[in-house]
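A.B. asks: quick check, what structure comes out for this input:
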Amino acid sequence: MTVQTFDATNYSPLRVTPDAAAHFRQQLEKNHASAIRLSMKQSGCTGYKYIIEEVQSGENTDVDIVLENGVKILVDAKYLDALRGTVIDLRKQGVNLNLIMENPNVKDACGCGESVNFEEKM
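C.D. replies: Residues are numbered from 1 along each chain as shown. Model prediction:
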């Protein structure tokens, strides 16, 4: 029997594109915050809504991710499985810039984009 080790130094449960990372850095500087916190809450017609907020500190159970540009992302551990694999991007849609969450775990979404649902209940 052999023992394998897992090096978590380059592992991240989610990916943030360079455009989104730059946007987060600007927001943190503008609002004098130290980190971006990513969580979810029950909302809408399909189940859950993403919550992205600038914070000074996270909860004790948050998972810390530091992006290449130094931005600290705190992921609510309660929703880590639902958020795993998510790509956060900043895209221009018409005249607006929007953060887009591409989450491979979403099983259903409402038509207006307000909420998403997952196969398992959280």
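A.B. asks: drop to CA atoms for contacts and neighbour counts, all remaining ones
C.D. replies: Fine.
A.B. asks: so which bits of stretch 60-72 are buried?
C.D. replies: Neighbour-count burial for stretch 60-72, counted by 16 or more other CA atoms under 10 Å, picks out Asp62, Val63, Asp64, Ile65, Val71, Lys72.
A.B. asks: straight-line length of it, end to end?
C.D. replies: One end of stretch 60-72 to the other measures 15 Å (CA to CA, to the nearest Å).
A.B. asks: contact partners of it?
C.D. replies: For stretch 60-72, the external contacting residues (CA atoms under 8 Å, 6 or more residues apart in numbering) are 12, 16, 21-22, 24-25, 34-36, 73-77.
A.B. asks: chain center to stretch 68-75: distance?
C.D. replies: Centroid separation for stretch 68-75 versus its chain: 10 Å, with CA atoms, centre = their mean, to the nearest Å.
A.B. asks: hang on, the earlier thing: just the buried members of the contacts of stretch 60-72?
C.D. replies: Among those, those that count as buried by neighbour count (16+ other CA under 10 Å) are Val16, Ala21, Phe24, Arg25, Ser34, Ala35, Ile36, Ile73, Leu74, Val75, Asp76, Ala77.
A.B. asks: need the max-distance pair from those.
C.D. replies: Arg25 and Ala77 (22.3 Å; CA to CA).
A.B. asks: quick one: least confident helix or strand in this protein?
C.D. replies: strand 116-118 (a mean of 66; mean pLDDT, DSSP states H and E).
A.B. asks: thinking again about what came up before, and the buried residues of stretch 60-72 as CSV, adding secondary structure and pLDDT?
C.D. replies: Putting these into CSV (DSSP: H, G, I helix; E, B strand; the rest coil; pLDDT from 0 to 100) gives the following:
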residue, secondary structure, pLDDT
Asp62, coil, 89
Val63, strand, 89
Asp64, strand, 90
Ile65, strand, 90
Val71, coil, 95
Lys72, strand, 94
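A.B. asks: now the two most distant members of those.
C.D. replies: Maximum distance among the buried residues of stretch 60-72 (CA to CA): 15.1 Å, for Asp62 and Val71.
A.B. asks: dump the strand or helix carrying His23 to PDB, keeping only the CA atoms.
C.D. replies: Element membership for His23 (DSSP states H and E) is helix 18-31. This file holds the C-alpha atoms of helix 18-31, laid out as PDB (Å, rounded to 0.1, in the frame of the first residue of the first chain):
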ATOM      1  CA  PRO A  18      -8.500  38.400 -14.400                       C
ATOM      2  CA  ASP A  19     -11.300  40.900 -15.300                       C
ATOM      3  CA  ALA A  20     -13.300  39.900 -12.300                       C
ATOM      4  CA  ALA A  21     -10.200  39.900 -10.100                       C
ATOM      5  CA  ALA A  22      -9.400  43.500 -11.200                       C
ATOM      6  CA  HIS A  23     -13.000  44.500 -10.500                       C
ATOM      7  CA  PHE A  24     -12.900  43.000  -7.000                       C
ATOM      8  CA  ARG A  25      -9.600  44.900  -6.300                       C
ATOM      9  CA  GLN A  26     -11.200  48.200  -7.400                       C
ATOM     10  CA  GLN A  27     -14.200  47.600  -5.200                       C
ATOM     11  CA  LEU A  28     -12.100  46.700  -2.200                       C
ATOM     12  CA  GLU A  29     -10.000  49.800  -2.600                       C
ATOM     13  CA  LYS A  30     -13.000  52.000  -3.200                       C
ATOM     14  CA  ASN A  31     -14.900  50.700  -0.100                       C
END
